[in-house]
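# Predicted model, plus sequence, below.
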Amino acid sequence: MSALSDLFSEARNSAANLSEILRGKGLRLGVTGLSRAGKTVFITALAQHLTAIVRQGQKNALSVFRVAAEGRLTGGRLEPQPDDHVARFAYEDHLAALTGLDRHWPQSTKQISELRLCLDFERREGFFGGAAHFTIDIVDYPGEWLLDLPLLEKSFAVWSRETLEASAAAARAPFAADWRGFAQTLDPAGPEDEALARRAAEMFTAYLRAARSDAYALSTLPPGRFLMPGDLEGSPALTFAPLPLTEGFEIAPGSMAAMMERRYESYKSHVVRPFFRDHFARLDRQIVLVDALAALNSGPAALRDLQNALNEVLGAFRIGRANPLVNLFRPKIDKILIAATKADHLHHLSHDRLEAILRQLTARAIQRSEFSGAEVDVIALAAVRATREVAVRRGRETLDAIVGAPLAGESLDGQIFDGETEAAIFPGNLPADPRAVFRGDALATPEDEADFRFLRFRPPIAALGPDGVTLPLPHIRLDRACQFLFGDRLR
Ligand SMILES: Nc1nc2c(ncn2[C@@H]2O[C@H](COP(=O)(O)OP(=O)(O)OP(=O)(O)O)[C@@H](O)[C@H]2O)c(=O)[nH]1
Ligand SMILES: [Mg+2]
């Protein structure tokens with residue numbers, strides 16, 4: 001049995017899992033996304049809407065989410081998370097960040113946390129009519145950790161080879177040069193040496209960090225704990241790095257290679273496996289958040305990198321149609337929503353093209369999922385909409401623009417924004433043929449050649465309701481996401 005299917009059987013055999021399925025009154029929603037994809041903002045916005053909708057009678061705010069639009073949602077609240085050893089998602093802090101006086105986006109996530117949302121609703125008339133409730137369990141985690149999932153099926157030798165090979169590609173070679181040079185001086189057959197191992201791990205981490213920086217936005221950089229150590233900060237569990245192993249290299253006991261392999265395997269079994277077994281192996285539904293715009297901004301190399309990363313990660317999930325009988329023992333993901341986040345950076349006329357690019361990015365995962373019977377949809381989404389749309393006249397022409405307050409420090413055409421001033425921006429057109437954006441080897445598209453250019457905006461100013469309490473923040477298609485992900489369970 002492969003390492004992955006092993007893991008799934010372990011998860012499904014746990015008693016807790018079985019009782020949850022038998023209860024049938026809730027679901028575990030996987031919010032999947034690489035770092036900075038928009039997971040924390042999405043979970044915060046979702047919780048805000050679902051807990052506020054009843055109190056504030058905001059039926060229209062989620063008009064496509066039927067249970068809400070039909071007025072059958074009678075309550076929404078947070079409940080204690082199911083696992084006491086995992087921190088509760090800091091919903092109040094994240095919401096305060098977004099809606100406080102200085103409106104800012106939440107910090108990058110450093111640790112795992114969990115949230116349970118409980119909805120009260122009226123079933124439509126029928127045999128099971130009447131009051132009912134439904135729980136949605138969600139886990140938030142640093143996106144970097146997701147990239148560890150494919151490691152479970154890779155030996156140290158394979159991982160070493162792939163990582164060294166990838167670091168030689170044009171987009172990565174400049175950041176990787178120091179570490180690669182050092183790695184070549186290491187003798188895998190030589191005696192184990194702690195000082196050398198530490199040095200290799202440090203230089204390897206420095207490479208990963210540089211490649212991750214905003215300007216290049218590269219995606220495939222495991223092991224995830226190297227960039228976001230969580231409670232492993234400074235731990236010897238992270239003192240390993242790939243070695244130049246020739247094809248068929250025999251790892252001898254006591255050698256440098258044996259030591260690195262041991263630590264790699266221990267990272268997999270003590271860090272990666274428990275994380276996925278406890279939080280990912282038993283998801284019912286999944287939303288995959290993808291920041292396609294950041295990769296588009298950085299050019300074709302970053303896009304292909306993102307494509308590879310998504311393909312590897314999504315390939316590791318257990319997906320397929322739920323058969324009620326079989327499903328009792330083999331929970332599978334039966335619905336997947338793939339969403340391009342931050343769609344508020346574009347005019348809505350470009351959303352179709354963004355969706356087409358996203359389909360292209362995730363084509364293999366979509367095909368695999370549909371083949372195994374899961375329902376897949378692709379949307380352009382903004383969990384929090386930071387811009388509005390305006391038509392700007394230029395002579396006889398009318399241009400479609402978006403207006404918002406760019407984050408302090410963002411610049412466009414020589415103007416540097418202060419975070420307060422609003423600006424009308426023409427994000428430009430995405431190409432009609434989604435394949436066009438993947439062509440070429442340029443790392444970052446030079447600014448004057450780019451057809452599209454995105455700025456980051458501050459969160460919007462929250463409106464106040466009649467009772468003086470802030471209203472849920474504006475969004476784009478959050479309601480469609482709700483309807484697709486759990487609308488069918490709230491009938
Ligand atoms: N305009 C806009 N920006 C967004 C939206 N969602 C996320 N962002 C931006 O994307 C950044 C990352 O969002 P997060 O929700 O923190 O991303 P994450 O997936 O939790 O990232 P990690 O915690 O690093 O894994 C934010 O700081 C915002 O700048 C959105 O709906 N609209
Ligand atoms: Mg986060």
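Good, I have the coordinates. Ligands and ions are numbered 1, 2, ... in the order given.

# Name the nearest residue to the residue of the stretch 251-400 of the chain found nearest ligand 2, sequence neighbours excluded.
Of all residues in the stretch 251-400 of the chain, the one sitting closest to ligand 2 is L289 (10.1 Å; Cβ to the ion). All C-beta atoms are positioned from the backbone trio N, CA, C, and that covers glycine. Take L289 and drop its neighbours on the chain: the residue closest to it by Cβ to Cβ, 6 or more residues apart in numbering is G33, 3.6 Å away.

# circling back to that earlier point, surely the residue of the stretch 251-400 of the chain closest to ligand 2 forms part of a helix?
No: read with DSSP: H, G, I helix; E, B strand; the rest coil, L289 is strand and lies in no helix.

# And the pLDDT for it?
As predicted, L289 sits at a pLDDT of 97.

# Kindly report the same for the one 3 residues further on.
The predicted local distance difference test score for A292 is 94.

# Can you tell me the number of residues neighbouring it?
Taking other Cβ atoms under 10 Å as the criterion, the count of residues near A292 is 27.

# I'd guessed it sits against R359; true?
No: counting by Cβ atoms under 8 Å, R359 is not a contact partner of A292; they are 10.3 Å apart.

# Show me which residues of the protein sit near ligand 2.
Residues of the chain found near ligand 2, taking Cβ under 5 Å from the ion as the criterion, are K39, T40, T109.

# what sits against the closest residue to the last one other than its chain neighbours?
Distances taken as Cβ to Cβ, 6+ apart place P142 nearest to T109, at 4.8 Å, with adjacent residues excluded. P142 is in contact with S35, S108, T109, K110, Q111, I112, G224, M228, G230, counting by Cβ atoms under 8 Å, 6 or more residues apart in numbering.

# rerun at 7 Å
Listed by Cβ atoms under 7 Å, 6 or more residues apart in numbering, the contact set of P142 reads S35, T109, K110, G224, M228, G230.

# How about L314?
Taking Cβ under 7 Å, 6+ apart, we find L314 in contact with V288, T362, A365.

# for R199, same thing?
For R199, the set of contacting residues under the criterion of Cβ under 7 Å, 6+ apart consists of F182.

# Are the helix or strand containing it and ligand 1 in contact anywhere?
Element membership for R199 (DSSP states H and E) is helix 194-212. No: counting by Cβ under 6 Å from any ligand atom, no contacts exist between helix 194-212 and ligand 1, the nearest distance being 10.2 Å.

# Can you name the next helix or strand after that helix?
Toward the C-terminal end, the helix or strand that comes next after helix 194-212 (DSSP H and E) is helix 224-227.

# Run the contact check for stretch 259-278 versus ligand 1.
No: under the criterion of Cβ under 6 Å from any ligand atom, stretch 259-278 makes no contact with ligand 1; the nearest approach is 13.8 Å.

# any residues touching that stretch, and which ones?
Counting by Cβ under 7 Å, 6+ apart, the neighbours of stretch 259-278 from elsewhere in the structure are 7, 10-11, 145, 148-149, 151-152, 156, 159, 192, 197, 223, 225, 232, 237, 239-241, 243, 251.

# from those, which would you call buried?
Burial by neighbour count, judged by 16 or more other Cβ atoms under 10 Å, picks out 7, 11, 145, 148-149, 151-152, 156, 159, 197, 223, 225, 239-241, 243, 251 from those.

# about what we covered before: can I get the helix holding R199 in CSV? Just the C-alpha atoms.
Coordinates of the C-alpha atoms in helix 194-212 are reproduced here as CSV (Å, rounded to 0.1, in the frame of the first residue of the first chain):
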residue,chain,number,x,y,z
GLU,A,194,26.5,17.8,12.2
ALA,A,195,28.2,21.1,11.3
LEU,A,196,28.0,20.4,7.6
ALA,A,197,24.4,19.3,7.9
ARG,A,198,23.5,22.5,9.7
ARG,A,199,25.3,24.7,7.1
ALA,A,200,23.6,22.9,4.3
ALA,A,201,20.2,23.3,5.9
GLU,A,202,20.8,27.0,6.5
MET,A,203,21.8,27.7,2.9
PHE,A,204,19.0,25.6,1.5
THR,A,205,16.5,27.5,3.7
ALA,A,206,18.0,30.9,2.5
TYR,A,207,17.4,29.8,-1.1
LEU,A,208,13.8,28.8,-0.4
ARG,A,209,13.2,32.1,1.3
ALA,A,210,14.6,34.2,-1.6
ALA,A,211,12.6,32.3,-4.2
ARG,A,212,9.4,32.9,-2.1
